[in-house]
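Peer 1: this is the structure alone, sequence omitted:
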């Protein structure tokens, strides 16, 4: 009887080991499939119109897609003090907006000069909204980090690819980031093209927008941290920030810099203020402001960084 029990225990152990092995094999297979999918995503599909080149290996190789766990930070309840600060933010928005605009004019290069840490080796900058490359050129000239630019408008994406074709540290991808993957129509009117404009007679073009969380996961964010996420995407900033907070991925970005666009402020002020002022309080859980021209430009840095 004793021998029979030992045999049963050994059999059970073998079964458990086999199950673990099969589970890990499946996970590894899925991991490889995910990495294969993201490469195919960057190369295939006329509708997506995205560009993949060898420089993206810098971001993909060795960085499998992470599983982001934990309770979403964005769903945490707000304290009494936080609710009061949101109310104050909404109440004095007009004053803050005018003051922010006035002061930013005096310090308009803060979005470039504020990031000396990018001089360190192998720092990573993800720039959302490249336009014709004014900021990208300055970032490259001053810091030359590993630099990924996401630009949804084909004209600008092509211009950026040509501009940085001789810099192996710069990668340009032709799509935008948002809360969900979709194709949207925008009015192309040069610099400042955005989803809010509705000018009669303006040429409309379709652009691809990718769910920001899925994009960052496929890049491997979470296995490593991004030194700076800089967003000047004519209105997508709050969408991306909300996604990062909802999933908890926000903690993998050491610095998050964003331009707040006045178009959203004037078109749907109540909705904009609700989102912006609430996001300010949720960001304080993991980050602190290092500069802010309210409703214009601001930078958030992880609490445990200098």
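Peer 2: Perfect, thanks for sending it. Please read these numbers as outputs of a predicted model, since none were measured by experiment. Numbering: from 1, shown residues only.

Peer 1: mind giving me the domain split of this structure?
Peer 2: 1-44, 52-179+211-302 (automatic domain parsing).

Peer 1: hey, which of the ones you listed is tucked in deepest?
Peer 2: Of all these, domain 52-179+211-302 carries the top mean neighbour count, a mean of 18, counting by mean count of other C-beta atoms under 10 Å. Backbone N, C-alpha and C define where each C-beta goes, glycine included.

Peer 1: tell me the mean pLDDT for that one?
Peer 2: The average pLDDT for domain 52-179+211-302 rounds to 87.

Peer 1: ranges for the helices of the chain?
Peer 2: Taking DSSP state H as the test, the helices found in the chain are 2-43, 57-60, 80-91, 93-106, 110-113, 134-142, 154-163, 212-219, 237-247, 262-267, 269-283.

Peer 1: who's in contact with the nearest residue to residue 274 once chain neighbours are set aside?
Peer 2: Leaving out its chain neighbours, the residue that sits closest to residue 274 by C-beta to C-beta, 6 or more residues apart in numbering is residue 90, at 7.6 Å. When contacts are counted by C-beta atoms under 8 Å, 6 or more residues apart in numbering, residue 90 touches 273-274, 277.

Peer 1: kindly reformat those as TSV containing distance to residue 94.
Peer 2: Below are the contacts of residue 90 laid out as TSV (distance: C-beta to C-beta, whole Å):
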residue	distance to residue 94
273	10
274	16
277	13
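
Peer 1: nearest to residue 113, of the residues you listed?
Peer 2: For the contacts of residue 90, the residue nearest residue 113 by C-beta to C-beta is residue 277; the value is 27.5 Å.

Peer 1: without its sequence neighbours, what residue ends up closest to that closest one?
Peer 2: Closest to residue 277 by C-beta to C-beta, 6+ apart is residue 89, at 3.6 Å.

Peer 1: wait, what's in contact with the one you found?
Peer 2: 96, 273, 276-277, 280.

Peer 1: for it, give its distance to residue 235.
Peer 2: 19 Å (C-beta to C-beta, to the nearest Å).

Peer 1: just residue 302 next, same as before
Peer 2: 25 Å.

Peer 1: check residue 171 too.
Peer 2: 23 Å.

Peer 1: now residue 148
Peer 2: The spacing between residue 148 and residue 235, counted by C-beta to C-beta, is 20 Å.

Peer 1: picking that back up, want to throw the contacts of residue 89 into a markdown table with distance to residue 231?
Peer 2: Formatted as a markdown table, those follow (distance: C-beta to C-beta, whole Å):
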| residue | distance to residue 231 |
| --- | --- |
| 96 | 20 |
| 273 | 19 |
| 276 | 14 |
| 277 | 18 |
| 280 | 15 |
